[in-house]
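**Q** Fold the following.
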Amino acid sequence: MRIGEAIRVALIEVILRYSDGATDQRRRASERQELLIAELNHRVRNILSLIRSLVTKTSDAAADVATYVESLSGRVQALARAHDRVTKQSWGPAPIRGLFEDEIAAHDGAKGRLIVTGPDVQLLAQATSTMALVVHELFTNSCKHGALSSTGRVDVSLAPVPGEGVYISWKEAGGPAVVAPTRRGFGSVILERTVPYDLQGTASVRYLLEGVQADFFIPQAHVVLENVTDDLAAPQRPDQVVDASGEHNPRPAAGKSVLLLEDNMLIALEAEDMLREAGATHVALASTLGEAEYLIANNQFDLAMLDINVGRSTSFELAKKLKSAGTPFIFATGYGEELALEGHGGDEIIIQKPYERDHIARAIERALQRIRA
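**A** Numbers count the residues shown, from 1 in each chain. Presented below is the predicted three-dimensional model:
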């Protein structure tokens, strides 16, 4: 009986200890959840505030609706690309070089005319978003008025200084004679004030006759200088320059019937317009997997554009059916590519939200070429 009593007491102590531990774990989990919700709310509010500012400030300088839409779309796309860079690194540091690569890929006609030299320095998340807008404005101005609008070139150098930060130099050459702007628009404000204001760095833009030059300094607090190797520090040769998308057919879907699976009406309407601009004669909209399967069973489609995440499901099984039937398709997602595929990765063609007309046209062209091959 004494042994039994001792065992009973010991078991009660163990149970109580585990109970206390479970209660403590639940409390910590609840605190973490509240913290995550608060952080998510904070980031969403910041993003919405930033987008609202872009909407308002871009309209101040726009001469007409078409110019306004083009300018605003370009800036939002630049932020989306930067966000994708950061999320691919699990919200960690992203390479500065990648910002220039993304922009050169988004501008047709700039093929082979950007040279980036210096180590592949990385930026923290906030600095990545800020510099994405700055780099976008540099490219936009150069493609409209500067070296990239003709046969000129752009040289970018990255010069990190341990303990200080990184110096970024932008130099245009070989373009038309530069005329300094007579008024300071929103683009000038982004170039001259965002780095000093957001990152406590410095920014200088000079409109020289032979080409625009700009210098930026980003302090060490926003820079990661680890993993800088000799290979990354080597200057790019002309044949290593990031290639632009090159020539492409602006109407690859001419005469085609397209199935569009998208569960958000506004996004679906915008995508439908872009598909029609790409030449599609018929676009069938589906907001659920059930609607899409019904349309496929009762219609013949030449192409499909599938949102990966539809409600609480995914369109992977639907894509398998289309593939078995020989119908080309492209995936669309608002997530990063690796996260969106969830292990279903292969040679799928994926475009990121928010959409660009050229991106959709290129994706369609690739999908149709693959089927023909």
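**Q** Tell me which other helices or strands the helix or strand hosting R52 touches.
**A** Applying DSSP states H and E as the criterion places R52 in helix 2-61. Secondary-structure packing of helix 2-61 (3 or more Cβ pairs under 8 Å, 6 or more residues apart in numbering; DSSP states H and E): helix 65-88, helix 186-199. No exception for glycine: its C-beta is placed from N, CA and C like everyone else's.
**Q** Wait, a helix at V116?
**A** No: using DSSP: H, G, I helix; E, B strand; the rest coil, the assignment for V116 is strand, not a helix.
**Q** helix/strand/coil for the nearest residue to it once chain neighbours are set aside?
**A** Computed as Cβ to Cβ, 6 or more residues apart in numbering, the closest residue to V116 that is not its neighbour in sequence is V156, at 4.7 Å. Classification of V156 by three-state DSSP places it in strand.
**Q** V156 reaches Y167, doesn't it?
**A** No: in terms of Cβ atoms under 8 Å, V156 does not count as a neighbour of Y167; the distance is 11.3 Å.
**Q** For K57, find the nearest of the helices and strands packed on helix 2-61.
**A** Across the helices and strands packed on helix 2-61, the minimum distance to K57, taken as Cβ to Cβ, is reached by helix 186-199, at 4.6 Å.
**Q** Not counting the closest one itself, show me its contacts.
**A** When contacts are taken as Cβ atoms under 8 Å, 6 or more residues apart in numbering, the neighbours of helix 186-199 outside the stretch itself are 57-58, 60-61, 126-127, 130-131, 133-134, 137-138, 140-141, 181, 201-205, 214, 216-219, 222.
**Q** ok and it relative to helix 2-61, angle-wise?
**A** 150 degrees (axes from the mean of the first three to the mean of the last three Cα atoms, to 10 degrees).
**Q** tilt between helix 186-199 and helix 65-88?
**A** Using the same axes, to 10 degrees, the interaxial angle of helix 186-199 with respect to helix 65-88 works out to 30 degrees.
**Q** quick one: average pLDDT of helix 186-199?
**A** Regarding helix 186-199, the rounded mean pLDDT is 85.
**Q** residues of it that come out buried?
**A** Of the residues in helix 186-199, those buried by neighbour count under the rule 16 or more other Cβ atoms under 10 Å are 186-187, 190-192, 194-195, 198-199.
**Q** G211 touches P176, doesn't it?
**A** No: with contact defined as Cβ under 8 Å, G211 does not reach P176; the gap is 9.2 Å.
**Q** Between these two, which contacts overlap?
**A** Between them, G211 and P176 have G146 as joint contacts when contacts are counted by Cβ under 8 Å, 6+ apart.
**Q** Check what contacts stretch 310-324 and list those residues.
**A** Outside of stretch 310-324, the residues that reach it under the criterion Cβ under 8 Å, 6+ apart are 261-263, 287-289, 292-293, 296, 304, 306-308, 328-329, 331, 342, 344, 348.
**Q** What subset of those is buried?
**A** Among these, those classed as buried by neighbour count (16+ other Cβ under 10 Å) are 261-263, 287, 289, 292, 296, 304, 306-308, 328-329, 331, 348.
**Q** before we move on, back to that, tally up the residues packed near the residue nearest to V116, please.
**A** Residue neighbour count, defined by other Cβ atoms under 10 Å, stands at 20 for V156.
**Q** ok, now which ones touch it?
**A** Neighbour list for V156: 100, 114-117, 168-171 [criterion: Cβ under 8 Å, 6+ apart].
**Q** about what we covered before: so of the contacts of stretch 310-324, which ones are in strands?
**A** Residues from these lying in strands, with DSSP state E as the criterion: 261, 304, 306-307, 329, 331.
**Q** Show me which of the residues you listed is closest to L35.
**A** Checking the ones in strands among the contacts of stretch 310-324 against L35 with Cβ to Cβ, the nearest one is D307 at 30.7 Å.
**Q** quick check: domain ranges of this structure?
**A** Domain assignment for the chain, taken from automatic domain parsing, gives 45-240, 257-372.
**Q** distance between the shortest one and the chain's centre?
**A** Average the C-alpha atoms of domain 257-372, do the same for its chain, and the two points are 19 Å apart (Cα atoms, centre = their mean, to the nearest Å).
**Q** Looks like Q352 contacts H83 (just checking).
**A** No: counting by Cβ under 8 Å, Q352 stays clear of H83, with 9.7 Å between them.
**Q** ok, now how distant is the residue nearest in space to the middle of the chain from G4?
**A** Here the mean C-alpha position of the chain is nearest to the C-alpha of R81 (Cα atoms, centre = their mean), at a distance of 1.7 Å. Spatial separation of R81 from G4 under the definition Cβ to Cβ, to the nearest Å is 69 Å.
**Q** again with P252
**A** When distance is defined by Cβ to Cβ, P252 is 82 Å away from G4.
**Q** Also T327?
**A** Distance, T327 to G4, using Cβ to Cβ: 73 Å.
**Q** for the ones in strands among the contacts of stretch 310-324, which one is nearest V44?
**A** Distance from V44 was checked for each of these by Cβ to Cβ. The minimum falls on D307, at 20.6 Å.
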